[in-house]
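Student: The following block contains a protein sequence and its predicted model.
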Amino acid sequence: MDAVDALNEIAFWLERSAAPTFKVQAFRKAAGVIGDLAADDLAERVRDGRLKRTKGIGDTTFQVIRQAVEGAVPDYLDKLRQSGAKPLAAGGNGLRPQLRGDLHSHSNWSDGGSPIDLMADAARYLGREYLALTDHSPNLKIANGLSAERLSDQLEAVAAVNAAHARQDGAEFRLLSGIEVDILENGELDQAPDMLERLDVVVASVHSKLRSDRRTMTDRMLSGIRDPHTNVLGHCTGRLLQGSRGTRPESEFDAERVFAACAEAGVAVEINSRPERQDPPDNLMQLALDAGCLFSIDSDAHAPGQLDFLQYGAERAERNGVPAERIITTWPLGRLLDWLESGR
C-alpha cells in the first residue's frame, strides 16, 4: 500500500470521528514529510532507521509507513476501517444514498485544514458526484477570508483540480467553485458582485453580531436572501450546541418571513450537518418545509473526513419528513447547475 495514501486515509477516518486536531495533524504532517520521496528511497530510509529519526515522524506514523512499505495494510488503518464501516448516524438510511453532492466545504485557503485537492479526493472516495468549495469571504478575517484577488486565484486552482480528476479513472466528479459569503450588517454580500458572478455556488451566512435584535437580524437576512447571487442560506440560526468553541444560542429573527423569502427567491435553506450546529433546529425545519422551501444538506466540512458528516444531515432531514425531491443535493449535476444558473 502507498504509505502517503495510508497516512492520509488514517487522518480521514480520525477527522470523521472528530478526533483531536493534534492527532489528525500528526498523520497529515507525516504524509507531507515523505510525500516527495521516491518509493525506493523511502524503503531504504525505513530499513536503515533514518526515517525514524526524521522530524515529523513519530513512533506510530513510522510503524504505519513501515507496514505500508512492506506491502501490508497498516494495522492502525485496518482498525479504523473496521470502525468506520459503522454509520455515523442511526437514521437517514433512505435518504443518505440519494445524496449526490455537497455545497459547503472549506480548504486551507481560509479556515479549513487541508489543501483543495485532498478535499476533492475525499469527496470522490465517498462517492460524491460534486463538491462545492466555499471558503470564507474577506470580512471574516479570523478565518482568513478570501479577497477578490485570492478568490480569483482560487478559481484557477479549482480548474486545475477538475482537469486532474478528468485525467484519472473517468469517474464523473466536479469540484464547483463557490464561496461562503458573509451577509454584512447592512444586508449586502461581502464580495464584489463581478466575482460572485464567476462562481457556481454562493452560500450566504451571518457570522457576526449574532445577538442582534429580531427586527435587525430579519432585515439583514432578507436583504442577503434577495440578492440575486445567493443560492443557499447557510446555518440560519448560527447556534452552537457543543464543541471546542462552546455553546451559542440561536439568533432571533422572523423565521416565517425569512423562509417565505427563500421560497420566493429560490434560495435553498441549508441543513447544516455539523454535529455542533444541527442547524436549523427541527421546529424551524418544519416552518421552512411548510413555506415551500428547497433544502441543501451540506457538511460544512473543514477537513476531508468531515465530508461524511452528511450522514447527520440526512438523518435529521428524514426524521423531519423533508422529501428527497426538495433537497437540491440529491439532484444530478446537470439539473443542479441549471437551477443555480436560473437564479442569477
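Tutor: Now that the structure is in, tell me what you want to look at.
Student: Run a quick neighbour tally on residue 205.
Tutor: Neighbours of residue 205 under the rule other Cβ atoms under 10 Å: 26. In this view, the C-beta of every residue, glycine as well, is placed from N, C-alpha and C.
Student: Show the backbone phi and psi for it.
Tutor: Phi and psi for residue 205, reported as degrees, to the nearest 10, are phi -140, psi 150.
Student: Quickly note the distance from the closest residue in space to it that isn't next to it in sequence to residue 122.
Tutor: Leaving aside its chain neighbours, residue 205 sits nearest to residue 234 (3.4 Å; criterion: Cβ to Cβ, 6 or more residues apart in numbering). Residue 234 is 21 Å from residue 122, where distance means Cβ to Cβ, to the nearest Å.
Student: Tell me which of the two has more neighbours.
Tutor: Taking other Cβ under 10 Å, residue 234 and residue 122 do not tie; residue 234 has more neighbours (29 against 26).
Student: in terms of contact, does that one touch residue 203 like I think?
Tutor: Yes: using Cβ atoms under 8 Å, residue 234 is in contact with residue 203, at 4.5 Å.
Student: what's the overlap in contacts for these two?
Tutor: 104, 180, 270, 298 (Cβ atoms under 8 Å, 6 or more residues apart in numbering).
Student: quick one: contacts for the first one?
Tutor: Applying Cβ under 8 Å, 6+ apart, one finds that residue 104 lies in contact with 132, 134, 180, 203, 232, 234, 270, 272, 296, 298-301.
Student: how many neighbours does the residue nearest to residue 51 when sequence neighbours are not counted have?
Tutor: Computed as Cβ to Cβ, 6+ apart, the closest residue to residue 51 that is not its neighbour in sequence is residue 45, at 4.0 Å. Per other Cβ under 10 Å, the neighbour tally for residue 45 reads 19.
Student: so residue 45 sits in a helix?
Tutor: Yes: under DSSP: H, G, I helix; E, B strand; the rest coil, residue 45 falls within a helix.
Student: mind checking the end-to-end distance for stretch 127-135?
Tutor: Across its full length, stretch 127-135 reaches 22 Å between end residues, using Cα to Cα, to the nearest Å.
Student: brain fart, stretch 122-131
Tutor: Length of stretch 122-131, first residue to last, Cα to Cα: 10 Å.
Student: If you count neighbours, what's buried in it?
Tutor: 122-124, 126, 128-131 (16 or more other Cβ atoms under 10 Å).
Student: Same check on stretch 337-344?
Tutor: Across stretch 337-344, burial judged by 16+ other Cβ under 10 Å covers 337, 340.
Student: quick one: contacts of it?
Tutor: The contact list for stretch 337-344 (Cβ under 8 Å, 6+ apart) reads 197, 200-201, 228-231, 265-267, 328, 331.
Student: what about it, average pLDDT?
Tutor: The average of the pLDDT scores along stretch 337-344 is 88.
Student: Check stretch 297-306 too.
Tutor: Stretch 297-306 shows a mean pLDDT of 97.
Student: Could I get the full set of helices for the chain?
Tutor: Along the chain, the stretches classed as helices by DSSP state H are 3-16, 21-34, 39-48, 59-69, 75-84, 116-125, 148-166, 193-197, 214-226, 255-265, 282-290, 310-319, 333-342.
Student: Turn those into a markdown table, columns for distance to residue 241.
Tutor: Compiled in a markdown table, the helices of the chain are given as follows (distance: least, Cβ to Cβ, whole Å):
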| stretch | distance to residue 241 |
| --- | --- |
| helix 3-16 | 19 |
| helix 21-34 | 19 |
| helix 39-48 | 44 |
| helix 59-69 | 32 |
| helix 75-84 | 24 |
| helix 116-125 | 25 |
| helix 148-166 | 31 |
| helix 193-197 | 31 |
| helix 214-226 | 19 |
| helix 255-265 | 18 |
| helix 282-290 | 13 |
| helix 310-319 | 12 |
| helix 333-342 | 29 |
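Student: tell me the domain ranges of this structure?
Tutor: For the chain, the structural domains run 3-84, 96-342, going by automatic domain parsing.
Student: Now render these as JSON lines, adding distance to residue 90.
Tutor: Listed next are the domains of the chain as JSON lines, based on distance: least, Cβ to Cβ, whole Å:
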{"stretch": "domain 3-84", "distance to residue 90": "16"}
{"stretch": "domain 96-342", "distance to residue 90": "7"}
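Student: Out of the ones you listed, which one sits most buried?
Tutor: Highest mean neighbour count among the domains of the chain (mean count of other Cβ atoms under 10 Å): domain 96-342, with a mean of 20.
Student: Need the distance between the two termini of that domain.
Tutor: One end of domain 96-342 sits 27 Å from the other (Cα to Cα).
Student: Distance from it to the middle of the chain?
Tutor: Mean-position distance between domain 96-342 and its chain equals 8 Å (Cα atoms, centre = their mean, to the nearest Å).
Student: contacting residues for the closest residue to residue 297 other than its chain neighbours?
Tutor: Closest residue to residue 297 apart from its sequence neighbours, by Cβ to Cβ, 6+ apart: residue 313 at 4.0 Å. Contacts for residue 313 (Cβ under 8 Å, 6+ apart) come out as 92, 271-273, 297-299.
Student: now the residues you listed as JSON lines including distance to residue 222?
Tutor: Listed next are the contacts of residue 313 as JSON lines, based on distance: Cβ to Cβ, whole Å:
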{"residue": "92", "distance to residue 222": "31"}
{"residue": "271", "distance to residue 222": "20"}
{"residue": "272", "distance to residue 222": "20"}
{"residue": "273", "distance to residue 222": "25"}
{"residue": "297", "distance to residue 222": "24"}
{"residue": "298", "distance to residue 222": "21"}
{"residue": "299", "distance to residue 222": "26"}
